[in-house]
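In: I would like the atomic coordinates for the input below:
(2 chains)
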Amino acid sequence: MTATKEMPTPAGATPPASARVSPPKPRRRGGFGERLTPYLLILPALVAVLVLLGWPTIQMLLISLRRLDLRELVTGKMVWIGLANYTDTLSDPEFWSVTIRTILFTAALVAATLVVALLIAVLMRHLNPVIRICVQVSLVLAWAVPVIATTTVFQWIFDQQYGILNKTLDKLGFHSFIGYSWFSTGGSTLTVIGLLVLWQAVPFVAFTLYAGLIGVPREQYEAAGIDGAGPFQTFRAVSWPAIRPILTMVTFLSVLWDFNMFGQVWAIRQGGPDGQSTTLAILQYLKGIAGSHFGSAAAIATIMLVLLLAVTARYVQLLVRTKDGEIA
Amino acid sequence: MKRWLKLVAGAAAITLATAGCAGSGGGDNASGSGGTGTGTLTVWLMTGSAPESLTGALNKEFEAAHAGVKVDYQIQQWNGIQQKLTTALAGDNPPDVIEVGNTQTPAFAADSVLEDLTSSVNDLNGAQWLAGLKASGEYDGKTYGVPFYAANREVLYRKDMFAAAGITAPPTSNAEWLADITKLKAKFGSDPQFQPLYLPGQYWYSLLSFIWDNGGDIAKADGKSFKSTLDSAGSKAGLEFYKQLVDTSGTTAPKDNDEANPQQAGIYGGGKVAMMIGTPGEVATAAKTDPSIAGKTGAFAIPGKTAGQPAPVFLGGSNLVVPINSKNKDLAKAYLKLLSGDKYMTQMAAAGYVPGTSSDVSALDKDPLGAVMAKASKSGRAVPTSPKWGEVESGQNPLKDMLTAYLTGKKTVDQATADANAALDKIIGG
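Out: Residues are numbered from 1 along each chain as shown, chains lettered A, B, ... in the order given. Model (predicted):
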């Protein structure tokens, strides 16, 4: 979300790109077999993509046009109901509040992930090697722990009676936190889930950005120092251009991950209390698995797909346009 | 970029897998009732239900009586059973006899995936069926599920602590119960970890007892449609009594979680709890923490408003069903007949369950905890037999949200019940 603002002039940011395009490559006229080889080589991958991704997607679209409850599933009856699943879903006010909640939650999560990860990446660049390795090992550990294990740990941290957080706050003098319930409102439940996701998402993004930062030659910083640039100016003039393409990429990756996140939200409070931490992924599960309305669940999945396509259209466009997949 | 595709594809693949089964499952529904002769009868029972000694003898006897028939007996886990049953029932060659949780049965019955057993009721000891379970197996005037066994809750208490606090007899009314909680607190309250009654905030099975005791109910059936009645005066009174229990006891159980998180038997086993509401089976779990606790534990029926009239209890349990796509329906019915007979039902009672198709609970009465449960089961009741009730339990349960909101003071009793009523209507109403 944040990065979409930064890219109105992609052409200006990477002037060297134009130089690479100019000399037209001489086309070699090989035999028929030689020309066919690349296509033959790509064929297995293409078939795999079509079978594993294309076909299920088509199935999902078709199912979203059917009434497919347990009865239809067992009897094998095909009941086509046109767009009824979509109109039902779209006319449900709950769907819209869940959609808005999901979008805002995703935006907040992605922004927080990027800011925290960027700060850590910059910090790592300035730390002495021993401390940096400590930080990196901690990050890798946070990242390596399975999602549900971390979720369980967080549940205990925020537990009403036995949680270490409430105990600590009490010891620090905030006595009103004895027996405070962190999961009694949607807002605080989502905050806890957000912290949990942040905990798991930051390491990857921080490492990726750090990799971008160490790619910048030392001399550039020295030159900036000689020119009298302050730390902030140096960051803007030297570091920023180097990590911007990477930042764009991790932004879109984060959007995709956070938008579709299910495990953590479900494990914490099943989208409660009162459905106030229900996201689109949870709503889909409630419809499909809990309620056995596979048709409406497929409709929600399709709508999610369309929403994601709309949000990430710019990224896809950039990906297609730049020849060697380099993103500005 | 590829990640969302993968996710979408994954979701679609699951749907596809289930849909794929459906495609081949249709068509030959009529073929089921034919075979009486040879073959394999597949039976699915749940883990922890019938003991091995029972099923071993049962399967042997059945195979002996039906030459050439082999019983393929499989034990299923509760975790993820809904999906597994959905897939199995939709399949071409489903199991022939399945144990299904009583709250799941109406959904399957309403979706016409179960064999209509109405004409076999008399063969299966129909006159002695446990009333609370019987209702859960019926849909639209027809019988689809045969009661198998039930268990219900009672108050498990520490006899030694009661004696130390000077309580001579277990309470028989709400007022006595609250008074005893106060007495226990006065005696042991100096220990900050002591809880007279462990009662987590979202223990809605217990709430049901208080709602029913006050004349309320979850929902009212009108033909096939349901209208939730959580905003009735009786429901509110039940909710208020629940809060009274929580406040009087000062229980440190989480207000925003249920009896399984953390598992209450483990807490009771810790030795700092004088009472918990649970099934007799939970004492065995508590004994894993402290083996001596079983001998110190007694039980009394969940008290009601009126002295001597215990509150109605929620009957948890299982029914036995025959899938409509089963290829061996006659054999399946014969198997049910054998299992529902007195011989095996007595063994179920001896294993600590209220038997589903026999009113003879003498084997259960030998155990003091079991005897209290068997007596209370007579006033056992079930959740609404709405086919959509399964969605309430496997999704977001409005009763749990109602309890948390009211107990933490986020909502008044009127607001909490009105909201829960609307939320429940959205799921089962209409």
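
In: what is the burial count for B:Pro166?
Out: In this structure residue B:166 is Gly, not Pro. Look at B:Gly166: counted by other C-beta atoms under 10 Å in any protein chain shown, it has 11 neighbours. C-beta: built from backbone N, CA, C; applies to glycine.

In: closest residue of chain A to chain B?
Out: In chain A, the residue that lies nearest chain B is A:Gly76 (2.5 Å; C-beta to the nearest C-beta).

In: point to the residue nearest the middle of the chain.
Out: This is for chain A. Chain A has A:Ser254 as the residue nearest its centroid, 2.3 Å off, counting by C-alpha atoms, centre = their mean.

In: sorry, should have said chain B
Out: By C-alpha atoms, centre = their mean, the most central residue of chain B is B:Gly316, 2.2 Å off.

In: that one falls within a strand, correct?
Out: Yes. Applying DSSP: H, G, I helix; E, B strand; the rest coil, one finds B:Gly316 inside a strand.

In: excluding sequence neighbours, find me the nearest residue to it.
Out: B:Ala151 (5.6 Å; C-beta to C-beta, 6 or more residues apart in numbering or on different chains).

In: try A:Thr189
Out: A:Ser277 (4.4 Å).

In: may I ask you to name the longest helix in chain A?
Out: helix A:93-126 (DSSP state H).

In: distance between it and the chain's centre?
Out: How far helix A:93-126 lies from its chain's middle: 9 Å, per C-alpha atoms, centre = their mean, to the nearest Å.

In: right, and the helix or strand after that helix?
Out: Using DSSP states H and E, the helix or strand that directly follows helix A:93-126 along the chain is helix A:129-144.

In: what's that next one packed up against?
Out: Contact here means 3 or more C-beta pairs under 8 Å, 6 or more residues apart in numbering or on different chains; DSSP states H and E; on that basis helix A:129-144 packs against helix A:93-126, helix A:186-214.

In: out of these, deepest packed?
Out: helix A:186-214 (a mean of 19; mean count of other C-beta atoms under 10 Å in any protein chain shown).

In: now the element after that helix, going C-ward?
Out: helix A:218-226.

In: one step back: check for me that the residue nearest to A:Thr189 belongs to a strand.
Out: No. Judged by three-state DSSP, A:Ser277 forms no part of a strand; its state is coil.

In: and it, how far from A:Phe183?
Out: The gap separating A:Ser277 from A:Phe183 is 9 Å, by C-beta to C-beta, to the nearest Å.

In: the two: who's more crowded?
Out: Ranked by neighbour count (other C-beta under 10 Å), A:Ser277 and A:Phe183 place A:Ser277 first, with 27 against 24.

In: I'd like the distance between that one and A:Phe235.
Out: 36 Å.

In: for B:Gln104, same thing?
Out: For B:Gln104, the distance to A:Phe235 - C-beta to C-beta - is 59 Å.

In: the stretch 1-150 of chain A against chain B: which residues are in contact?
Out: A:52-53, A:55-57, A:59-60, A:63, A:68-77 (C-beta under 8 Å from any C-beta of the partner chain).

In: please identify which of B:Gln104 and A:Phe235 sits among more neighbours.
Out: Comparing B:Gln104 with A:Phe235 by neighbour count (other C-beta under 10 Å), the higher total belongs to B:Gln104, at 22 against 17.

In: the closest residue to that one other than its chain neighbours - how many residues pack around it?
Out: Counting by C-beta to C-beta, 6+ apart, B:Gly390 is the residue found nearest to B:Gln104 once chain neighbours are left out, at 5.2 Å. Residues lying near B:Gly390 (other C-beta under 10 Å) number 23.

In: following the helix or strand hosting B:Gly390, which helix or strand comes up?
Out: Assigned by DSSP H and E, B:Gly390 belongs to helix B:389-394. Scanning forward in sequence from helix B:389-394 by DSSP H and E, the next helix or strand is helix B:398-407.

In: which neighbouring elements make contact with that next one?
Out: helix B:204-213, helix B:233-249, helix B:413-428.

In: can you tell me what sits against that helix?
Out: Residues outside helix B:398-407 that contact it (C-beta atoms under 8 Å, 6 or more residues apart in numbering or on different chains) are A:181, A:184, A:272-275, B:201-204, B:207, B:218, B:230, B:239, B:242-243, B:246, B:255-256, B:258, B:392, B:410-413, B:415-417, B:419-421, B:423-424, B:427.

In: which among these end up buried?
Out: A:181, A:184, A:272-275, B:201-204, B:207, B:218, B:230, B:239, B:242, B:246, B:255-256, B:258, B:392, B:410-411, B:413, B:416-417, B:419-421, B:423-424, B:427 (16 or more other C-beta atoms under 10 Å in any protein chain shown).

In: three-state assignment of B:Ile98?
Out: Applying three-state DSSP: B:Ile98 is strand.

In: was I right about it contacting B:Leu320?
Out: Yes. Here B:Ile98 reaches B:Leu320: they are 7.2 Å apart, a contact under C-beta atoms under 8 Å.

In: please produce TSV containing the helices and strands packed on helix A:129-144, extended by mean pLDDT.
Out: Shown next, in TSV, are those (pLDDT from 0 to 100):
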stretch	mean pLDDT
helix A:93-126	94
helix A:186-214	93
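
In: nearest to B:Ala334, of those?
Out: helix A:93-126 (48.4 Å; C-beta to C-beta).

In: same for the closest one, what does it pack against?
Out: helix A:129-144, helix A:186-214, helix A:240-260, helix A:280-285, helix A:294-321.

In: so which of the ones you listed is the most surrounded?
Out: The highest average neighbour count among the helices and strands packed on helix A:93-126, using mean count of other C-beta under 10 Å, belongs to helix A:280-285 at a mean of 23.

In: B:Pro312: what's it in contact with?
Out: B:Pro312 is in contact with B:209, B:212-213, B:379-381, counting by C-beta under 8 Å, 6+ apart.

In: how much space separates it from chain A?
Out: B:Pro312 sits 27 Å away from chain A, taking C-beta to the nearest C-beta, to the nearest Å as the criterion.

In: so which of the residues of the stretch 1-150 of chain A next to chain B are in helices?
Out: Of the residues of the stretch 1-150 of chain A next to chain B, the ones assigned to helices by DSSP H are A:55-57, A:59-60, A:63, A:70-75.
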